[in-house]
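>>> Okay, sequence plus prediction incoming.
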Amino acid sequence: MDMDQARINMVEQQIRPWDVLDQGVLDLLLDVRREEFVPQAYRKLAYADIQIPLGHGETMWEPKLEGRVLQELAIAPADKVLEIGTGSGYLTALCAHEAHHVYSVEIVPDLKVKAEAALAAHGIRNATVAIGDGARGWARHGPYDVIIVTGSLPLLAADFEKSLALGGRLFVIVGEPPVMKARLIRRVGEDACTTTDLFETCIAPLQNAPQPERFVF
């Protein structure tokens, strides 16, 4: 299988039609070899428009979602990034190419080990992967210029917004199946944030995600 051609087809047939037109983002998706972060059994599907299983109930985003999120966040070279849910390490790698440093938190030890190996193989040294539960935030290295939550959250914990630096951006997918909202939250003042709903989607929830109170009869 011609992975180089598959990568080009992904950009032209999946990423661009999803309104991802930032040339820097497109070039990044062409440069970083996605297949090297995908489990061997799914390598031939690395550039397909699907969520790829990673084991442990976790999945890898569709490529178009990765591209759209990178465009919306507009990561700058001086930015400090927090990623909740390392997964395969592919999105970590993409962010690391753009940012000053990426702090990524993964709850599954096996995925942490594999992601670290993939990042090291790509010579990425400005990404730190930690084991932990980030479902309610991860203030350890904050404040952050960018926060990405890679699993959906029925309820967004307040600590995420509190961990944003002034001008910082938070991408999160909120809600419950069958329809969830991809949301961009920006800190515009000491006690003020703006919220923009970008599009609808549906992804697996983050492990241990906080749940809203349920009314019981």
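Received it, and whenever you're ready, just let me know what you need. Numbering: from 1, shown residues only.
>>> got the contact list for the longest helix seen in the chain?
Longest helix of the chain, by residue count under DSSP state H: helix 109-121. Applying C-beta atoms under 8 Å, 6 or more residues apart in numbering, the external contacts of helix 109-121 come out as 36-37, 54-56, 58, 86-90, 92-93, 96, 104, 106, 127, 129-131. Placement of C-beta: from N, CA and C, glycine included.
>>> tell me the secondary structure for Q71?
The local conformation at Q71, judged by DSSP: H, G, I helix; E, B strand; the rest coil, is helix.
>>> Before we move on, what's the pLDDT of it?
pLDDT for Q71: 98.
>>> repeat for F215
You'll see F215 listed with a pLDDT of 59.
>>> Which of the contacts of helix 109-121 fall in helices?
In helices, defined here by DSSP H, the members of the contacts of helix 109-121 are Y90, T92, A93, A96.
>>> Considering these, which is situated nearest to T150?
Checking those against T150 with C-beta to C-beta, the nearest one is T92 at 9.5 Å.
>>> Next, work out how far apart that closest one and R187 are.
23 Å (C-beta to C-beta, to the nearest Å).
>>> Specify which residue of those two has the higher count of neighbours.
More neighbours surround T92 than the other of T92 and R187, with 28 against 22 (other C-beta atoms under 10 Å).
>>> Which residue is the nearest non-sequential neighbour of the more buried one?
Distance criterion C-beta to C-beta, 6 or more residues apart in numbering; nearest residue to T92, sequence neighbours excluded, is S104 at 4.9 Å.
>>> I'd guessed the one you found sits against G132; true?
No - counting by C-beta atoms under 8 Å, S104 stays clear of G132, with 10.0 Å between them.
>>> Just want to know which of the two has more residues nearby.
Taking other C-beta under 10 Å, S104 and G132 do not tie; S104 has more neighbours (28 against 13).
>>> Look up which residues are beta-bridged to the more buried one.
Assessed by DSSP bridges, S104 has beta-bridge partners E83, V129.
>>> check contacts around it.
Contact analysis of S104 by C-beta under 8 Å, 6+ apart lists L82, E83, I84, G85, T86, G89, T92, A115, A127, T128, V129, A130.
>>> Among those, pick out the one closest to R16, please.
Among the contacts of S104, T92 lies closest to R16 (C-beta to C-beta), at 23.7 Å.
>>> longest strand of the chain?
For the chain, the strand reaching the highest residue count under DSSP state E is reported as strand 164-176.
>>> Please state the mean pLDDT value computed over that one.
For strand 164-176, mean pLDDT is 97.
>>> Would you mind identifying the next helix or strand past that strand?
Per DSSP states H and E, the first helix or strand lying C-terminal to strand 164-176 is strand 179-189.
>>> With K114 as the reference, measure out to the residue lying closest to A46 once chain neighbours are set aside.
Leaving aside its chain neighbours, A46 sits nearest to E35 (3.8 Å; criterion: C-beta to C-beta, 6+ apart). Noted for E35: a distance of 14 Å to K114, by C-beta to C-beta.
>>> How about M3?
Counting by C-beta to C-beta - M3 and K114 are separated by 19 Å.
>>> and what of V129?
10 Å.
>>> E58 is in contact with P39, correct?
No - applying C-beta under 8 Å as the test, P39 and E58 come out as separate, 10.6 Å apart.
>>> ok, these two, which is more surrounded?
Taking other C-beta under 10 Å, P39 and E58 do not tie; E58 has more neighbours (23 against 15).
>>> Identify the residues contacting T201.
Contacts of T201 were listed using C-beta under 8 Å, 6+ apart, and they are L65, I173, M180, A182.
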